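# curious how this folds, go ahead:
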Amino acid sequence: MLLGFLSACVSHVVVDVNAISDPQVTDYGKRYYLTNVNDGAAANDLYFQEFRRYFDYILQKQGFIVSESRDEADIEIQFHYGISDGTTGVQTYSWPIYETFGGHTITVTENITDASGNTRSVQRTMYVPAYVQRVGSTYETRSYTIYNRYVNLAALPITKVTGQPVTPVWSANIQSIGESNDLRAIMPYLAAASMPFLGRNSGRQQTIKLRHDDPLIVELRGLVVNAQ
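Residues are numbered from 1 along each chain as shown. I've put the predicted structure just below:
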């Protein structure tokens with residue numbers, strides 16, 4: 001599976017999304033306040049500000065409305081992101097070696113005896129058809145390091161009652177395993193893959209393949225470029 005993943009990641013980024021919602025709570029409001037729950041991170045953290053642009057864009061495409069104040073919001077969406085330590089391994093590739101044989105002419109001498117019993121030598125040219133035959137294999141190994149790039153979202157209803165226990169009305173776990181440890185480069189893919197599942201139940205973990213030139217990815221990249 002890893003071999004297939006490493007070869008497939010050339011033109012695609014593969015993202016897994018696992019979303020779940022509370023079936024008992026269907027009317028929780030759409031005004032949201034996004035908070036950064038990474039350890040030691042603040043609301044004005046530059047990485048958080050960049051990453052939230054992607055998810056604000058996706059959430060609003062799904063009908064959610066951003067609120068600048070928690071007091072005015074219906075739900076608090078807790079935003080957690082990160083990247084794992086790298087896992088290193090060795091991958092072996094093998095390729096068959098082929099050689100072409102034939103494709104040339106040869107001269108053949110034959111002795112022919114006529115009706116009178118006389119024998120004579122005759123030369124004729126024959127063509128040997130070309131054919132390809134496998135003669136062995138060549139091998140190459142390379143080391144690789146893969147990382148788990150992830151985002152977790154949890155939407156909690158905002159209650160005015162102090163001390164009242166609060167459980168999420170929906171949550172989504174989004175992750176992508178790959179060789180890039182540049183979370184900034186991968187974040188648009190995580191956001192784009194999550195779009196159909198925010199506030200919904202995915203039923204199971206869904207695997208999304210996104211091309212580098214996917215129109216939504218291009219849109220999301222533009223959010224950061226245009227903000228500079």
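# residue 124 contacts residue 106, doesn't it?
No. The pair residue 124 / residue 106 is not scored as a contact, 9.8 Å apart, by C-beta atoms under 8 Å. Every residue, glycine included, has its C-beta placed from N, CA and C.
# residue 123: which element?
Assigned by DSSP states H and E, residue 123 falls within strand 119-128.
# which elements pack onto that strand?
Applying 3 or more C-beta pairs under 8 Å, 6 or more residues apart in numbering; DSSP states H and E, we find strand 119-128 packed against strand 104-113.
# hmm, back to that, for the record, mean pLDDT for the strand holding residue 123?
For strand 119-128, mean pLDDT is 83.
# stretch 67-78 now?
Here stretch 67-78 scores 92 as its mean pLDDT.
# contacts for that stretch, please.
28-35, 37, 59, 152-158, 169 (C-beta atoms under 8 Å, 6 or more residues apart in numbering).
# can you give me the helices in the protein?
Counting by DSSP state H, the chain has helices at residues 2-8, 46-61, 183-194, 215-227.
# most tightly packed of those helices?
helix 183-194 (a mean of 22; mean count of other C-beta atoms under 10 Å).
# buried subset of the contacts of stretch 67-78?
When the contacts of stretch 67-78 are checked for burial by 16 or more other C-beta atoms under 10 Å, the buried set is 28, 30, 32-35, 59, 153-158, 169.
# in strands, which of the contacts of stretch 67-78 appear?
Judged by DSSP state E, the contacts of stretch 67-78 include 31, 32, 33, 34, 35, 152, 153, 154, 155, 156, 157 as members of strands.
# just give me the closest of those residues to residue 216.
residue 153 (17.7 Å; C-beta to C-beta).
# ok, the residue lying closest to that closest one once chain neighbours are set aside - contacts?
Counting by C-beta to C-beta, 6 or more residues apart in numbering, residue 172 is the residue found nearest to residue 153 once chain neighbours are left out, at 4.7 Å. With contact taken as C-beta under 8 Å, 6+ apart, residue 172 is in contact with 17, 18, 19, 20, 152, 153, 194, 197, 198, 202.
# same thing but 7 Å
The neighbours of residue 172, taking C-beta atoms under 7 Å, 6 or more residues apart in numbering as the test, are 17, 19, 153, 194, 197, 198.
# same deal with residue 110?
Contacts for residue 110 (C-beta under 7 Å, 6+ apart) come out as residue 122.
# could you do residue 192 as well?
So residue 192 contacts 210, 214, 216, 217, 220 (C-beta under 7 Å, 6+ apart).
# the fourth one touches residue 188, doesn't it?
By that I understand residue 217. Yes. Assessed by C-beta atoms under 7 Å, residue 217 is found in contact with residue 188 at 5.4 Å.
# any residues in contact with both of those two?
Common neighbours of residue 217 and residue 188 (C-beta under 7 Å, 6+ apart) do not exist.
# hey, what's residue 87 bridged with?
Residue 87 has these beta-bridge partners by DSSP bridges: residue 146.
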